[in-house]
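In: need a structure here:
(chains A and B)
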Number of protein chains: 2
Amino acid sequence: MNHYSIGIDIGGTNTVVGLVRDDGFVSKRLSLPTQEYTTTPAYISAMDEAIRTLMQEQDIPDIESIGIGAPNSNFYEGCIEEGTVNLPIKERIPLKELMESRFGVPVVVDNDANAAAFGELVYGGGRGMRHLITMTLGTGIGSGIVVDGKIVHGHTGTAGELGHCIVNPNGRMCGCGRQGCIEMYASARGICQNYLEAAAQAGAPLSESATQTLTCQQVGEAAAKGDPIACKAYDTTAYWLGIALANAANFSAPEAIFLMGGPTHAGEALMTPLRKYFEQFLLFIYKGKISVQLSHLNSNDTAILGSAALGKISE
Amino acid sequence: MNHYSIGIDIGGTNTVVGLVRDDGFVSKRLSLPTQEYTTTPAYISAMDEAIRTLMQEQDIPDIESIGIGAPNSNFYEGCIEEGTVNLPIKERIPLKELMESRFGVPVVVDNDANAAAFGELVYGGGRGMRHLITMTLGTGIGSGIVVDGKIVHGHTGTAGELGHCIVNPNGRMCGCGRQGCIEMYASARGICQNYLEAAAQAGAPLSESATQTLTCQQVGEAAAKGDPIACKAYDTTAYWLGIALANAANFSAPEAIFLMGGPTHAGEALMTPLRKYFEQFLLFIYKGKISVQLSHLNSNDTAILGSAALGKISE
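Out: Prediction:
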């Protein structure tokens, strides 16, 4: 008999509630317009109703757990902290307490980067592993670190900010106020910047309008087709990311590092040079023992599977 | 009533067996000449006898645990791996199994850097903490990482090699074959190199003989007295170490990072610039939340206390 869990992915636009089968199949999902819920009771009731609707429609009598991926969340306290920028509710939302009292199953709340790491561990390429790292390349870079089967939250609760590891102390200014964070070279914006610099170096600088409309998706598609400037941009990304991942390996010596997010859709244009630089920068005792892989999760399902996975590993 | 544990520090020259009281007082220690034991049974018998001698002399009827800090050790298997360079016994030594059968108490085997981290956690400045990092500056740099009260060993068992995090990709050649590891700037040798470069920059390069006899202890003593070139050398160390520690903070967001080892005896000549650079390079969400401290352990006791602590945190 199959078992089911609920994953809830809270975003500024949509709150997606999904029913997830134990093998990682997303049976059904419902989407709530986040901005319409201005009080905690109304928001909780809407999520409650969505869960019960999904269960009835799919004829599922019981769920095992509820995992919630949310911005500005506090894993230790199971809440969304007060003053969260993208939510209309500005007070602290004690999600764990409120949902556990309604459903009587374990509820775990964590941020989306940690949810992605749990999703990879429970439903993706990390099945059976105890130690892994995931990095989500996007507008910024999020990361989740699994040590001994648990997410590392640290003393502050906010551990796992590998996107802000400094790899080039005299490098590009980062939005965090420091220089040379890996995010500046391997996020979507960083890859565009790599492209612009490579184009200028090749004597073919982009026009101002082309510069302003350049997207990472364009660079990725061009690289996948072998465009030399786009490939150079991804090579630069791979160089700096190789250093960052090799440094991360020194920390937790994981079995694998998984990459996900839009910029990874370039595929081998990223992964071939990345594996080369990673092995080059990896300390000799780890060489050949740590793999760098693309996420095994379907990118449309990552957020829901990650959220659902959170609840599954609670003890 | 006081409780007691045994700590055994295995080195290439001496194997030191210590009886440690729960408050971190080292009641008594005995030293065995490591090189004289050429078979596992002889070596185990010698350690056994040393433990029983200590217990009898101090009139201690029971010990709670035995922790062993050893080179080339495998925590997961509780052994010293075969072919260990500095030991006369070249076969695999299953210390945990052999000692547990003799004493009937938990036995834990780990490397000296992890032992130092446990020592700080159990007996030192980390008492009551769940998340900390220790770095031992010496000929190289060793590190131990505690997450949720446990040492991070990773998939390979060899996690926690923070001395080989690359902070300056085009920097000094490291013995590990790569460039710019923090070890090249903050180990004893790295600090001497910093001094030589600072002296040359100041127009006062050292003679060849002075270069060859320069020690980190000399640099540290000069820095403690305010010598500007020695202070510059430590400032350079602090700059790179500040980056390395700030990057480590991104990983596990510990409550504190503790430094130990000979080069830290320079005291504030290291710590004042280090705290400045650490805060400068720390991601804003961690600022003011993570302290960098000198180890609270007496350096003569670190190895024994660390070893004893290993056994105390076994579950």
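
In: quick one: the residue of chain A most remote from its centre from chain B, how far?
Out: Within chain A, the residue lying farthest from the chain centre (CA atoms, centre = their mean) is A:Gly203, at 36.1 Å. According to CB to the nearest CB, to the nearest Å, A:Gly203 and chain B sit 25 Å apart. Quick note: C-beta positions are derived from backbone N, CA and C, even for glycine.

In: After the lengthiest helix in chain A, which helix or strand is next? Please name it.
Out: If you go by DSSP state H, chain A has its longest helix at helix A:228-252. Next helix or strand after helix A:228-252 toward the C-terminus (DSSP states H and E): strand A:256-260.

In: which strands and helices sit next to the following helix or strand past that following strand?
Out: Per DSSP H and E, strand A:256-260 leads on to helix A:268-281 as the next helix or strand towards the C-terminus. Helix A:268-281 is packed against helix A:216-224, helix A:228-252, strand A:256-260, strand A:291-294, with contacts defined by 3 or more CB pairs under 8 Å, 6 or more residues apart in numbering or on different chains; DSSP states H and E.

In: Run the chain-centre distance for helix A:268-281.
Out: Helix A:268-281 sits 20 Å away from the centroid of its parent chain (CA atoms, centre = their mean, to the nearest Å).

In: Show me which residues of that helix are buried.
Out: For helix A:268-281, the neighbour count (16 or more other CB atoms under 10 Å in any protein chain shown) marks A:Ala269, A:Leu270, A:Met271, A:Pro273, A:Leu274, A:Arg275, A:Tyr277, A:Phe278, A:Phe281 as buried.

In: Let me see the domain layout of chain A.
Out: The record's domain split for chain A, according to automatic domain parsing, is A:4-121+A:301-312, A:128-294.

In: can you give me how far the longest one is from the chain middle?
Out: Taking CA atoms, centre = their mean, one finds the center of domain A:128-294 at 13 Å from the center of the full chain.

In: Return the list of helices and strands in contact with the helix or strand where A:Met55 lies.
Out: Per DSSP H and E, A:Met55 falls inside helix A:40-57. Packing partners of helix A:40-57 (3+ CB pairs under 8 Å, 6+ apart): strand A:4-10, strand A:14-21, strand A:26-33, helix A:95-103.

In: Next, format the domains of chain A as TSV and append distance to B:Ile10 and mean pLDDT.
Out: Shown next, in TSV, are these (distance: least, CB to CB, whole Å; pLDDT from 0 to 100):
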stretch	distance to B:Ile10	mean pLDDT
domain A:4-121+A:301-312	36	96
domain A:128-294	20	97
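
In: Format those domains as JSON lines; extra columns: distance to B:Thr158.
Out: Below are the domains of chain A laid out as JSON lines (distance: least, CB to CB, whole Å):
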{"stretch": "domain A:4-121+A:301-312", "distance to B:Thr158": "21"}
{"stretch": "domain A:128-294", "distance to B:Thr158": "6"}
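
In: Can you say which of the ones you listed is nearest to B:Cys79?
Out: domain A:128-294 (17.4 Å; CB to CB).

In: now the end-to-end length of the closest one.
Out: 17 Å (CA to CA, to the nearest Å).
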